[in-house]
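# Sequence plus the predicted model coming up.
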Amino acid sequence: MPDSNTKSNAMGDKLVIPIPLSKETFQHLQVYANKKGFTVAEYLAKLIDDSIHFLQIQEKFKKDVEEWKIPRLIEAIPTDDYSLNVRFEGGAEGKYDLKPSILKGGVFSALSDIEFFRKISISENGDYITWPGEIDIGADSIYWDIDFWGDDKW
């Protein structure tokens, strides 16, 4: 918004605000504008529009991240059927079945030993579950794949 020392004129749907620039800055802008096929005024307007658009995207992205933020995992209890009873900060809880992953083999095949399976721990910030030997599962994977129980308890 223009201050009391700045004059502005409306041109169509555009607001024209004088911007004081040093001669050197103006020359640099002329070079960049010419390379892009714009006048200095058009180039500055594009830079400002792009900046505002970028900020809106950043704000939207920040909002989306907050909306989709995975709550912190606070409890994971292994069961004898190779699933985990899990609870997240905020009250979400459910059952995460690891049998399909264990049966596929690979890194999760070590979990087929029930004693090893029970050696789970939750990372300090609650963003994954881990077993010895660098086997881990992200809280986001668990959160999106659990069968929620709602009000039911374990």
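Nice, thanks for sending it over.
# Give me the phi and psi angles of Ile114.
phi -60, psi -40 (degrees, to the nearest 10).
# okay, now it: neighbour count?
Look at Ile114: counted by other C-beta atoms under 10 Å, it has 12 neighbours. In this view, the C-beta of every residue, glycine as well, is placed from N, C-alpha and C.
# how near is it to Ala41?
Distance, Ile114 to Ala41, by C-beta to C-beta, to the nearest Å: 72 Å.
# Touching stretch 72-87 from outside, list them.
Applying C-beta atoms under 8 Å, 6 or more residues apart in numbering, the external contacts of stretch 72-87 come out as 88-89, 93-99, 102, 111-112, 114, 117-118, 120, 122, 125-129, 139, 142-143, 146, 154.
# Show me which of those residues are buried.
By neighbour count, with 16 or more other C-beta atoms under 10 Å, these hold 88, 93-96, 98, 102, 111, 117, 120, 122, 126, 128-129, 139, 142-143, 146 as buried.
# From the residues you listed, which land in helices?
Counting by DSSP state H, the buried ones among the contacts of stretch 72-87 place Ile102, Phe117, Ala139, Ile142, Tyr143 in helices.
# any low-confidence regions in the chain?
1-14, 57-58, 60-68, 147-154 (pLDDT under 70).
# Can you give me the domain boundaries for it?
What automatic domain parsing lists as the domains of the chain is 9-68, 73-148.
# Can you tell me which of the ones you listed is packed in deepest?
For the domains of the chain, the stretch with the most neighbours on average is domain 73-148, a mean of 15; neighbours defined as mean count of other C-beta atoms under 10 Å.
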